[in-house]
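Engineer: Provided below are the primary sequence and the corresponding predicted coordinates.
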Amino acid sequence: MASKLKRDQLPNEKAKNWRESLIEEEKLTFNLKVPQIILQKETYNTLAGENENRVRVYLGLEPVEKNGTLELCAFAVSAFLLGSGDVYVDYETPVFKLEKKNIDFSSNTEEVVESIRRYHSWRAGEIEPDVEGTEVRKYIYPNAYLLTKFELHEIFNVQEKDEALIEFGISKTMKAMISPISIQVASLAAMTSEDGGGGDDEVYNDIGDCPPYCDDGSPYNA
């Protein structure tokens, strides 16, 4: 009998299907290189704070192509609950770039905004407009993801992992998937395995896509 899923955990078969769908979409509308996007526990603790704020991850584009290919990047900010509704508002700082080692960009938010704007231009089909599929990107690829408290609390506080891998898959739109990994494990080999898997067996996904779950007043949603 299959084991019971944890809160916000995605069934492995569904995660596999989402990964395969993104690979297929690369032939149609997705022409970006995706690097390793990792959220470190230290970064999570800074963003969540004592109130366990939620984390919002914005997608961006690197300013320079690599081997003729545009490269995706990601930035994380803290999002706090405004009032008694379900509206989460971004703190402008701190903001971190999510690479293998997270980088604090709090003193360079202008570069963060420009990177996110480049991604918005790609999503809107303004970059490489002659490439097939540009006109439908805005329907498939969100601007950002609002992660839940529970999946990150499970990975960093319950399982006491040092890192979480953020990868992507397609389920009508591009979804973010979060997997626990550890510095003590040779996790990067798993990310590049032939089956497209990332991190450990557990995969979590219960996020709010932006749109519609955006902070319209955030400088990062310009």
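Structural biologist: Cool, the structure landed.

Engineer: May I ask which helix or strand of this protein has the lowest mean pLDDT?
Structural biologist: helix 187-191 (a mean of 40; mean pLDDT, DSSP states H and E).

Engineer: tell me what the next helix or strand after it is packed against?
Structural biologist: Scanning forward in sequence from helix 187-191 by DSSP states H and E, the next helix or strand is strand 203-204. Other helices and strands packing on strand 203-204, by 3 or more Cβ pairs under 8 Å, 6 or more residues apart in numbering; DSSP states H and E, are strand 9-10, strand 173-181. All C-beta atoms are positioned from the backbone trio N, CA, C, and that covers glycine.

Engineer: Same list, the ones you listed, but as TSV with mean pLDDT, distance to Val113 and mean neighbour count please.
Structural biologist: Listed next are those as TSV, based on pLDDT from 0 to 100; distance: least, Cβ to Cβ, whole Å; neighbours: other Cβ atoms under 10 Å:
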stretch	mean pLDDT	distance to Val113	mean neighbour count
strand 9-10	90	31	20
strand 173-181	92	21	22
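
Engineer: wait, what's in contact with Thr109?
Structural biologist: If you count contacts by Cβ atoms under 8 Å, 6 or more residues apart in numbering, Thr109 has them with 92-93, 95, 219.

Engineer: now Asn51
Structural biologist: By Cβ under 8 Å, 6+ apart, the contact list for Asn51 reads Phe80.

Engineer: how far out from the middle of the chain is the longest strand along the chain?
Structural biologist: Secondary structure assigned by DSSP state E gives strand 70-82 as the longest strand of the chain. Chain-centre distance of strand 70-82: 7 Å, with Cα atoms, centre = their mean, to the nearest Å.

Engineer: Can you list the helices and strands that that strand packs against?
Structural biologist: Using 3+ Cβ pairs under 8 Å, 6+ apart: strand 70-82 touches strand 32-33, strand 37-40, helix 41-48, strand 54-61, strand 87-97, helix 109-123.

Engineer: chain center to the second one: distance?
Structural biologist: Computed by Cα atoms, centre = their mean, the separation of strand 37-40 from the middle of its chain amounts to 9 Å.

Engineer: Paired strands for it, with orientation please.
Structural biologist: strand 163-171 (antiparallel) (DSSP bridges).

Engineer: quick check, distance from the strand it pairs with to the centre of its chain.
Structural biologist: Distance, centroid of strand 163-171 to centroid of chain: 6 Å (Cα atoms, centre = their mean).

Engineer: again with stretch 33-40
Structural biologist: Stretch 33-40 sits 8 Å away from the centroid of its parent chain (Cα atoms, centre = their mean).

Engineer: Grab the CA positions of that stretch and hand them over as CSV.
Structural biologist: Coordinates of each C-alpha in stretch 33-40 appear next as CSV, following Å, rounded to 0.1, in the frame of the first residue of the first chain:
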residue,chain,number,x,y,z
LYS,A,33,18.3,27.3,-20.0
VAL,A,34,17.4,26.5,-16.4
PRO,A,35,20.3,26.5,-13.9
GLN,A,36,20.3,24.9,-10.5
ILE,A,37,17.9,26.9,-8.3
ILE,A,38,18.5,26.3,-4.7
LEU,A,39,17.0,27.8,-1.5
GLN,A,40,19.4,27.5,1.4
